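Trainee: Give me coordinates for this.
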Amino acid sequence: MEWDTTLRPMLSSLGLELYDVEFSAGTLNVVVNRAGGVDLESLTKANRTISEWLDANDPIAGRFTLDVSSPGLERRLRTPAHFSSAVGELVTLRELRDGEPTRRLEGTLVSVDGSSLTIDDNDLGAVTVALDAIERARTVFAWGATKPATSKGTKASSTSKKG
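Mentor: Residues are numbered from 1 along each chain as shown. The predicted structure is shown next:
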């Protein structure tokens, strides 16, 4: 199922943008965002709208849980667009390296192109990493730093009883 093309316009009508979507272990995880953050009322509306569409169109066989949330202070980075939106921010990532141990890097994300990123690692300096070599990555919230401009990390969930 191509979730982006289905959910993006639905969420846009609510004043929200689709940040990420993933179906894993019986849960459809939908992450939404908006400039200035996402409040609980917006998440509730998004959850209700998506749930109604899922009930009407039945694109997932069997039982599953719908989880609608905001990215929170430390948001997951998976796609090139996610990485591009985090340029200038503090990030941490795990880099898979052929024949060598996995390397953990943390520092300021300097740049991103179509296939790699450059991070100014706190210990190693500038390091370029292929996007397909990243096992996992996220932004890092620095306590005591300036007030974050990201969402509030709220969540709304529901369970569908199809089957």
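Trainee: Give the buried residues for the top helix by length along the chain.
Mentor: For the chain, the longest helix by residue count, based on DSSP state H, is helix 40-57. Counting neighbours by 16 or more other Cβ atoms under 10 Å, one finds that the buried residues in helix 40-57 are 42, 43, 45, 46, 47, 49, 50, 51, 54. Glycine gets a C-beta too; all of them are placed from N, C-alpha and C.
Trainee: helices and strands around the helix or strand following it, which ones?
Mentor: The element immediately downstream of helix 40-57 (helix or strand, assigned by DSSP states H and E) is strand 64-69. Using 3 or more Cβ pairs under 8 Å, 6 or more residues apart in numbering; DSSP states H and E as the contact criterion, the elements in contact with strand 64-69 are strand 27-33, helix 40-57, strand 155-160.
Trainee: which helices and strands sit right next to the longest one?
Mentor: If you count contacts as 3+ Cβ pairs under 8 Å, 6+ apart, helix 40-57 packs onto helix 3-12, strand 27-33, strand 64-69, strand 155-160.
Trainee: so what pLDDT did residue 149 get?
Mentor: At residue 149 the predicted local distance difference test score is 51.
Trainee: actually residue 61, not the one I wrote
Mentor: Confidence at residue 61, expressed as pLDDT, is 86.
Trainee: what's the pLDDT at the residue of the chain most remote from its centre?
Mentor: Residue farthest from the centre of the chain, counting by Cα atoms, centre = their mean, is residue 99 at 29.3 Å. The model reports residue 99 with a pLDDT of 90.
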